[in-house]
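K.L.:
Below: sequence and its predicted model.
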Amino acid sequence: MNFRLEQRDPGSSARAGTLTTDHGLIHTPFFMPVGTAGAVKALHIRDLRDEIRAEIMLSNTYHLYLRPGVRIIFEAGGLHKFNGWDRPILTDSGGFQIYSLSHIRKITNEGVVFQSHIDGSRHHFTPESAIDIQRSLGADIIMAFDECTPWPCEYEYAQKSLKRTHKWLDRCLDHFDKTECPHGYTQALFPIVQGSTFEDLRMQSAEYMASKDAAGYAIGGLSVGEPAKLMYSITELVCNILPPDKPRYLMGVGTPANLLECIALGIDMFDCVIPTRNGRNGMLFTRNGIINIRNEKWKDDFSPLEAGGDVFSDLQYTKAFLRHLFISGEMLAAMIATLHNLGFYIWLMKEARKHILDGDFANWKQEMVVRLMKRL
């Protein structure tokens, strides 16, 4: 994997670049649609590729490990061949999903023992097994196994957790170097900066991760309930330490306004379930603000979902029609809303990139953030 930095915005820390993988190019900054089980909920792979033109997708190691199982995906030739997506894929290590199962898991220095949320069966993840699983799944970018701390979090626990995450990283790197992708192409391993919201711990972690000379770096443990201003301050702190010539991935973030603010701080990569999950519940993101399409006010509004015409989709639907589908309980409602929101997110990243290349991102961002946060 190769990262080429093309332009820095003169008024912020925003960057534009190109990430090259064996499955294609990705232009930064970019947003990864979340395909938890290998597919984005309510969206065809065809539409992900051809309609909204996503350049990469994310899938979840934990969920794929439990169902359909690593063996099936491996025998299919890897996740690309299993789901038909021929562009880059990133898989997480399962750490965040295990963090969310606090009532049915036990963390030790060796790894994590957890119960399946599906059938209650017991499983054991270690740094080494997380690498082996992701090798078999065949993602282009794979993540180190880490512990995601909750918020709020006691300093002593965050410190202990961070030491564990650093030791796990060393084991991940060692095992990664001893193994190869069984599908015949290159995989890149990203360490994950942790440390909760404690600046000294975040600095220690960022410096430790940076010393590993990895292909790229992730920032985890944010967007777990802390105030947005705190998320931004920690993100800025970490970005100022991580190598400037490597891609930076802020995990699990966020709203359209969050994305633009964090691009301005130096982030290149994002993922989040907000556009898909909120879309399935009737929340639409547009250039002029947020729409709850279930509201009565849209009942006889025959204008397109995006004011002035949909700039990121060839498909045109009216607000009145989509509201009708939601109120009627039609499956098509979730499909259209998902298509719209993901299309908007990816369009927003392309617009951000354009303004970085043009050198006016900072001013554009200030105006857009205000508009994006409005409730229509």
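P.N.:
Arrived safely, thanks for sending. Only a predicted model underlies this, so the values are computations on that prediction, with no experimental measurement involved.
K.L.:
what sits against L237?
P.N.:
Contacts of L237 were listed using CB atoms under 8 Å, 6 or more residues apart in numbering, and they are 199, 202-203, 206. Using the backbone N, CA and C atoms, a C-beta is placed for each residue, glycine as well.
K.L.:
What subset of these is buried?
P.N.:
202-203, 206 (16 or more other CB atoms under 10 Å).
K.L.:
Out of these, which sit inside strands?
P.N.:
Judged by DSSP state E, strands contain none of those.
K.L.:
so where is the stretch 1-150 of the chain shaky, pLDDT-wise?
P.N.:
Under the criterion of pLDDT under 70, the regions of the stretch 1-150 of the chain flagged as low confidence span 99, 102.
K.L.:
rewinding a little: and the buried ones among the contacts of L237 as JSON lines, adding distance to S161 and pLDDT?
P.N.:
Output for the buried ones among the contacts of L237, formatted as JSON lines (distance: CB to CB, whole Å; pLDDT from 0 to 100):
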{"residue": "R202", "distance to S161": "13", "pLDDT": "98"}
{"residue": "M203", "distance to S161": "16", "pLDDT": "98"}
{"residue": "A206", "distance to S161": "15", "pLDDT": "98"}
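K.L.:
can you redo the contacts of L237 as CSV with distance to H124?
P.N.:
Formatted as CSV, the entries for the contacts of L237 read as follows, by distance: CB to CB, whole Å:
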residue, distance to H124
E199, 34
R202, 29
M203, 32
A206, 29
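K.L.:
Centre of the chain to the helix ranked longest in the chain, how far?
P.N.:
Taking DSSP state H as the assignment, the helix of the chain that covers the most residues is helix 331-358. The chain centre lies 14 Å from the centre of helix 331-358; the measure is CA atoms, centre = their mean, to the nearest Å.
K.L.:
buried residues in it?
P.N.:
Using 16+ other CB under 10 Å as the test for burial, helix 331-358 gives 333-353, 355-356.
K.L.:
can you pull out the helices in this structure?
P.N.:
So, for the chain - with DSSP H - the helices run 45-46, 61-66, 70-76, 79-83, 95-99, 127-137, 155-178, 199-210, 228-239, 256-265, 274-280, 319-328, 331-358, 361-372.
K.L.:
show me what contacts the residue positioned nearest the centre of the chain?
P.N.:
By CA atoms, centre = their mean, the mean C-alpha position of the chain lies nearest to D271, the distance being 1.7 Å. When contacts are counted by CB under 8 Å, 6+ apart, D271 is found next to 31-34, 58, 90, 251-252.
K.L.:
again, only using 7 Å
P.N.:
Each residue near D271 by CB atoms under 7 Å, 6 or more residues apart in numbering is listed here: 31-32, 34, 58, 251-252.
K.L.:
which residues does it bridge with?
P.N.:
Here D271 sits in beta bridges with M32, as judged by DSSP bridges.
K.L.:
List the contacts of stretch 157-170.
P.N.:
The list of residues contacting stretch 157-170 from outside it, by CB under 7 Å, 6+ apart, reads 109, 127, 144-147, 149, 191, 194-196, 198, 201, 204-205, 208.
K.L.:
for that stretch, which positions count as buried?
P.N.:
Applying a neighbour-count criterion of 16+ other CB under 10 Å, the buried positions in stretch 157-170 are 158-159, 161-162, 164-166, 168-169.
K.L.:
now that stretch, how far from the chain's geometric center?
P.N.:
The gap between where stretch 157-170 is centred and where its chain is centred comes out at 22 Å by CA atoms, centre = their mean.
K.L.:
Same question for stretch 17-27.
P.N.:
Averaging C-alpha positions (CA atoms, centre = their mean) puts stretch 17-27 16 Å from its chain's average.
K.L.:
quick one: contacts of it?
P.N.:
Residues lying outside stretch 17-27 but in contact with it, judged by CB under 7 Å, 6+ apart, are 1-6, 28, 55-56, 80, 86-88, 140, 185-186, 247, 268, 353.
K.L.:
thinking again about what came up before, averaging pLDDT over each of the helices of the chain, which comes out lowest?
P.N.:
Within these, confidence is poorest for helix 95-99, with a mean of 71 (mean pLDDT).
K.L.:
Check which helices and strands it sits against.
P.N.:
Where contact means 3 or more CB pairs under 7 Å, 6 or more residues apart in numbering; DSSP states H and E, helix 95-99 is packed against helix 61-66.
K.L.:
tell me what the helix it packs on is packed against?
P.N.:
If you count contacts as 3+ CB pairs under 7 Å, 6+ apart, helix 61-66 packs onto helix 95-99, helix 127-137.
K.L.:
and it, how far out from the chain's middle?
P.N.:
The chain centre lies 16 Å from the centre of helix 61-66; the measure is CA atoms, centre = their mean.
K.L.:
Using PDB, write out every CA atom in it.
P.N.:
Written as PDB, here are the backbone C-alpha positions of helix 61-66 (Å, rounded to 0.1, in the frame of the first residue of the first chain):
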ATOM      1  CA  THR A  61     -14.200  -9.000  11.700                       C
ATOM      2  CA  TYR A  62     -16.300 -10.000  14.800                       C
ATOM      3  CA  HIS A  63     -19.500 -10.400  12.800                       C
ATOM      4  CA  LEU A  64     -18.000 -12.200   9.900                       C
ATOM      5  CA  TYR A  65     -16.100 -14.500  12.200                       C
ATOM      6  CA  LEU A  66     -19.300 -15.600  13.900                       C
END
